[in-house]
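S.K.: heads up, no residue letters with this:
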């Protein structure tokens, strides 16, 4: 199936460049563009893309606000945030708002296409430098008291909690299956149940939840 992509950026050259790169990739089609967050929300409703490439810093409405509204609208679109700044102060907030991942704008064409495919498949995607920023933010949470029984955690089985911790550590379904010595299909089932029980959108939100509830702490 072709992955439908919406590109959101206030710079025309960036939009056009990404559009050319992605349309040249097999299985990916750019279905539209938007110049700011407000237009992005309207385009998501009209075009129903699978993935939204979202710039953070834009006039009228920034990428953080747009991501929050797109996720709140309960669309199937996954948001992949593109930023020039590997230490952008919006990284943590955008993940909490529902972004499925981050890439820096200097990513190669192959990295960009792979990122779109990863996010469309429901996986988490964080550029290494962005991950460092995220770990720094999570480290600050360690200074606050831990919630004794985080909401929803009590509904998870012991195996589901184990899988959730491994998701937060960045392992893929295949890697988790190898670690726990079970079939990858079994892990996919666990992940689906975790998301449903916790009312989460995807693996990225599951990882954020695990850190915020202190099920996992940065090492």
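M.R.: Everything's here; your move. Computed from a predicted model, the values in this text were never measured in an experiment. Residues are numbered from 1 along each chain as shown.
S.K.: quick one: buried residues of stretch 51-67?
M.R.: Neighbour-count burial for stretch 51-67, with 16 or more other Cβ atoms under 10 Å as criterion, is recorded at 51-56, 58, 62-67. Where you see a C-beta, it was placed from the backbone N, CA and C, and this is true even at glycine.
S.K.: out of the residues you listed, list just those in strands.
M.R.: Of the buried residues of stretch 51-67, the ones assigned to strands by DSSP state E are 51, 52, 53, 54, 55.
S.K.: can you redo those as TSV with distance to residue 198?
M.R.: Putting these into TSV (distance: Cβ to Cβ, whole Å) gives the following:
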residue	distance to residue 198
51	23
52	23
53	27
54	24
55	29
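S.K.: closest one of those to residue 105?
M.R.: The nearest member of those to residue 105, counting by Cβ to Cβ, is residue 55 at 8.4 Å.
S.K.: what's the first helix or strand after the helix or strand of the chain with the lowest mean pLDDT?
M.R.: Every helix and strand in the chain was compared by mean pLDDT, DSSP states H and E; the lowest is helix 128-141, with a mean of 56. Scanning forward in sequence from helix 128-141, with DSSP states H and E defining helices and strands, the next element found is helix 158-168.
S.K.: can you tell me what sits against the next helix or strand after that following helix?
M.R.: Where DSSP H and E defines the elements, the next helix or strand beyond helix 158-168 is helix 173-180. Contacts of helix 173-180 from elsewhere in the structure, counted by Cβ atoms under 8 Å, 6 or more residues apart in numbering, are 159, 162, 163, 166, 167, 171, 183, 184, 186, 187, 188, 191.
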